[in-house]
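In: Pasting the sequence and the predicted coordinates here, then a few questions.
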Protein chains: 2
Amino acid sequence: MLDQLLAPDLRAAIQDGQLDGVVEFFGECHPADIAELLQALEPAEALVLLQRLDEQHRADVVSELPGSYQAELAALLGAPELAALSSSLDPDDRVDLLKALPQEQMDEVVAELDAEDRAEVERLFSYEEGTAGSVMTSEYIALPAGLSVSEAMAKIRAEAHDKESVYNSYIVDGGGRLLGKVTLRDLILAEPTSPVEAIMDDQVPSVGAAEDQAEAIYKLSHYDLVDIPVLGSGGELVGLITHDDAMDAMEDEHTEDMERFMAIAGSHDDAGYLQTPTLSHFKNRVLWLVALAAFGLVSGAILQGFESTLMNLMILAFYMPMLAGTGGNTGSQSATMVVRALSLKEITPRDALKVLWKEFRVALLLGIVLGAVAFLRVYLIPAGTGLPEGITLPMVGLAIALALTLQVISSTVLGAALPLAAARFGADPALVASPALTTVVDITGLLIYFTTAKLVLGV
Amino acid sequence: MLDQLLAPDLRAAIQDGQLDGVVEFFGECHPADIAELLQALEPAEALVLLQRLDEQHRADVVSELPGSYQAELAALLGAPELAALSSSLDPDDRVDLLKALPQEQMDEVVAELDAEDRAEVERLFSYEEGTAGSVMTSEYIALPAGLSVSEAMAKIRAEAHDKESVYNSYIVDGGGRLLGKVTLRDLILAEPTSPVEAIMDDQVPSVGAAEDQAEAIYKLSHYDLVDIPVLGSGGELVGLITHDDAMDAMEDEHTEDMERFMAIAGSHDDAGYLQTPTLSHFKNRVLWLVALAAFGLVSGAILQGFESTLMNLMILAFYMPMLAGTGGNTGSQSATMVVRALSLKEITPRDALKVLWKEFRVALLLGIVLGAVAFLRVYLIPAGTGLPEGITLPMVGLAIALALTLQVISSTVLGAALPLAAARFGADPALVASPALTTVVDITGLLIYFTTAKLVLGV
């Protein structure tokens, strides 16, 4: 909102070369807000403004820009300038910037970094996307065992300027293995002469660098932490995930969950909806849609198989959309409940039987209510179509109600079972997307519907 | 998981009265983990264990229990005991506990609180559920203006023991209005004699107590904050929302978003999936389902209107499920994208035209691809049913393909337009739930399908 109001003013100031006012105004703004403002400008315009900020402020703003915009800015800069910019970023933001660049440009920039930064980048690069290692920062305060409180405070004071997180300090042994943590609060409350080990907490929740980032987010939230240490395979401290990065990752995971659940493919760039090109939106959606449409043709084949039943009893066709729709809705509901409960760790795949039994009971109640509604509709509002000899409206109503009840039960249980099965085999439960489920229960629904009609009505 | 493994051991220890080992074990555990363990026990068993913990530890554990379990525990306690327990909780957790109780019991407990706590509780109660005021804590460090750094540190040291959040201290004027904030990091780095105002940040993001809690979460995440101050209507500091409470609220909002989007009603208690009774699950889902099923009968009425078309050209029936399914899928996809972009503030209702234009272009591409697939299917795999005189298979294919393309375009645009309209009128965009949308596009789809077929094929 702000960005659209101010963009013309900023643009005018750039064209007139009157940047002092802008720079002064930016001095009052939070880097996150400046980043939002810049995105409303062309990268070349944004660059003019960025170059007027001091190094630290510029780094803070750049780290708040989405990857796609960073890449556009980077395209205007040479490798040495980019290397200088990336050196001023926090290690985790530096890696994010480098990952946003085309491979060739990235290699050029990495080659320009000084040896220490390069080694750091290569180390952080080695963690797979989506792991705790890939989102951690390597700037944290590690204290060797054996310091006194006042020595620890002196070390923290000396390092605090360029660390992202200073509120927890981590105590490590000679091999870099994590022994415990001490909070800044505990340090300022403690006797200056007492040893840090005496006040440290040795029960520190931590996460392995190769573990899923979702695990880190879960622990950070579960234990109400400001940050969580990341350990290498030997128990050595290799990084830290801070609460703000965890919150960002949480939003990203949630977006991906919802999109995946709606069968929208692709990883979600934080570029935002409007900045993502139409063609990317198209690509992310089309494959699943075509696959589901092709699969949906199976329904057609089933209908074809029941053509004579349908011809004899046209009234059955009128209730098909309700049957299919209700099956899809109940299945999606139970799938949503189960996917969400799994991701909140309220249940695990080992609870499958309990969950299915609960969903079965819920489905039975829902099926009876919905079946009754369907029966009343068929019975009370005659369909105006002729019924074949020997078949009465209540009989039709009964058949449709019974089919709907069975459809509700089967799709609810299926909706709960599929994500549990996915989780059981290590896949993402949200992959059993709602559209896929809807397509499946369309097919089972038609089979149930016509089989029930044939059995009850004998057509 | 842990809870199911250990529950039998805990139960045995309680029955044997051998609680020392358990208490010792609990001493090593994080309160959040103990809370998880206790929930696997009967409330009466849990109470035995809780009573063995020291006051602070007990309060920490109780605050991690879900409201429904707190209420079960509370049912076993008298008002004076409950008042003592709630006094040892942080103010925001105290309010959560009291809100979990039946009205009558709550009144009894509030009457037992000392005057100060009671006034506090009544003040926090006055904020509506879902506002920033309803999730804030009233324990924060406020410093009067005019202190030196060393005086500030002394005050923080004195208060740090019973404050939830000590990393940011807020400077207020004589009227309690917020002037700025200073971090503990800045304080330990500053000259002890310099005035706090010299190092404080006077551009502090804050949130109004009556604003939506989502606004507080958004700002906390946007500005990478550890906590965010909550202001009363006159700009006076009234509370603080900490990052851990914001993360919990974020998870709750996500769950409600997804559930609402799948037309599951009811507020989400943090009791968890398995603890929620079957009947509550049923109630949360049934109303929407019945409404949608009733609405879905409109589809039946439309089909009835086209009965003669259908009788003449049975092949149309075979492609109905694909048409309905694809319309539902494309509509749900665009609705998901728009709901998510709105909630991440990537777009606002004022971007409606841009969004609709983008979705229209995406839909056009999707419609052409899906239409082509449908045409090929009809053309290449004959339906085996007789066609009326004068109508050829390619003509039927063309009609179906055209209808599908129109259906994809209309449902995609509708899927984007409805949440935008909801947001425009101040309603929750997720209310335009996916099942509701699916039902609507089922109806528009049938109209499009048969109208197109009539026009193209003249049946």
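Out: Yep, it's here. Residues are numbered from 1 along each chain as shown, chains lettered A, B, ... in the order given.

In: use CA for all of it now, contacts and neighbours both
Out: OK.

In: element containing the closest residue to chain B within the stretch 151-300 of chain A, please.
Out: Residue of the stretch 151-300 of chain A nearest chain B, by CA to the nearest CA: A:Gly300 (4.1 Å). Here A:Gly300, judged by DSSP states H and E, is contained in helix A:278-305.

In: Check which residues of that helix are buried.
Out: A:278, A:281-286, A:288-290, A:292-300, A:302-304 (16 or more other CA atoms under 10 Å in any protein chain shown).

In: Mind checking what secondary structure the residue located most distally from the centre of chain A has?
Out: Largest separation from the mean C-alpha position in chain A: A:Glu389, at 57.3 Å (CA atoms, centre = their mean). Following DSSP: H, G, I helix; E, B strand; the rest coil, A:Glu389 is assigned to coil.

In: now it: how far from A:Leu313?
Out: Distance, A:Glu389 to A:Leu313, by CA to CA, to the nearest Å: 11 Å.

In: do the same with A:Val338
Out: For A:Val338 relative to A:Leu313 (CA to CA), the value is 38 Å.

In: Which one's more surrounded, those two?
Out: Of the pair A:Val338 and A:Leu313, A:Val338 is the one with more neighbours under other CA atoms under 10 Å in any protein chain shown, namely 29 against 19.

In: With chain B in mind, check whether the helix or strand containing the more buried one reaches it.
Out: Here A:Val338 sits within helix A:315-343, counting by DSSP H and E. Yes. Using CA under 8 Å from any CA of the partner chain, helix A:315-343 reaches chain B at A:317-322, A:325-326, A:329-330, A:332-333, A:336-338, A:340-341.

In: Tell me how chain A divides into domains.
Out: A:2-127, A:141-252, A:278-457 (automatic domain parsing).

In: Can you add mean pLDDT and give those back as JSON lines?
Out: Output for those, formatted as JSON lines (pLDDT from 0 to 100):
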{"stretch": "domain A:2-127", "mean pLDDT": "87"}
{"stretch": "domain A:141-252", "mean pLDDT": "91"}
{"stretch": "domain A:278-457", "mean pLDDT": "87"}
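
In: Out of those domains, which is closest to B:Ala158?
Out: Nearest to B:Ala158 among the domains of chain A is domain A:141-252 (8.6 Å), distances taken as CA to CA.

In: start to end distance for the closest one?
Out: One end of domain A:141-252 sits 27 Å from the other (CA to CA).

In: go on, stretch A:377-393?
Out: End-to-end distance (CA to CA), stretch A:377-393: 11 Å.

In: The stretch 1-150 of chain A against chain B: which residues are in contact?
Out: Residues of the stretch 1-150 of chain A lying near chain B (CA under 8 Å from any CA): A:1, A:28-30, A:32.

In: From those residues, pick the one nearest chain B.
Out: Distances from chain B to the residues of the stretch 1-150 of chain A next to chain B, taken as CA to the nearest CA, are shortest for A:Ala32 (6.2 Å).

In: how many neighbours does that closest one have?
Out: 17.

In: what's the answer for A:Thr392, then?
Out: Per other CA under 10 Å, the neighbour tally for A:Thr392 reads 12.

In: can you check the one 3 residues further on too?
Out: A:Met395 is flanked by 17 other residues according to other CA under 10 Å.

In: so who does it touch?
Out: A:Met395 makes contact with A:456-457, according to CA atoms under 8 Å, 6 or more residues apart in numbering or on different chains.

In: Give me the buried positions along the host helix or strand of it.
Out: Applying DSSP H and E as the criterion places A:Met395 in helix A:393-424. Neighbour-count burial for helix A:393-424 flags A:393, A:395-423 (criterion: 16+ other CA under 10 Å).

In: Then stretch A:308-318?
Out: A:309-310, A:313-318.

In: Same question for stretch A:124-135.
Out: Neighbour-count burial for stretch A:124-135 flags A:124-125, A:127, A:131-135 (criterion: 16+ other CA under 10 Å).

In: Going by distance to chain B, which of those wins?
Out: Of all these, A:Val135 has the smallest distance to chain B: 15.1 Å, by CA to the nearest CA.

In: Any figure for the gap between the closest one and A:Ile217?
Out: 11 Å.

In: ok, now A:Pro205?
Out: Applying CA to CA, the value for A:Pro205 to A:Ile217 is 12 Å.

In: Neighbour count for those two, which is higher?
Out: A:Ile217 (26 against 17).

In: Go ahead and confirm that one touches A:Asp248.
Out: No. The criterion here is CA atoms under 8 Å, and A:Ile217 misses it with A:Asp248 at 9.9 Å.

In: returning to that earlier point: quick check on the residue farthest from the centre of chain A: phi, psi?
Out: Phi and psi for A:Glu389, reported as degrees, to the nearest 10, are phi -50, psi 140.
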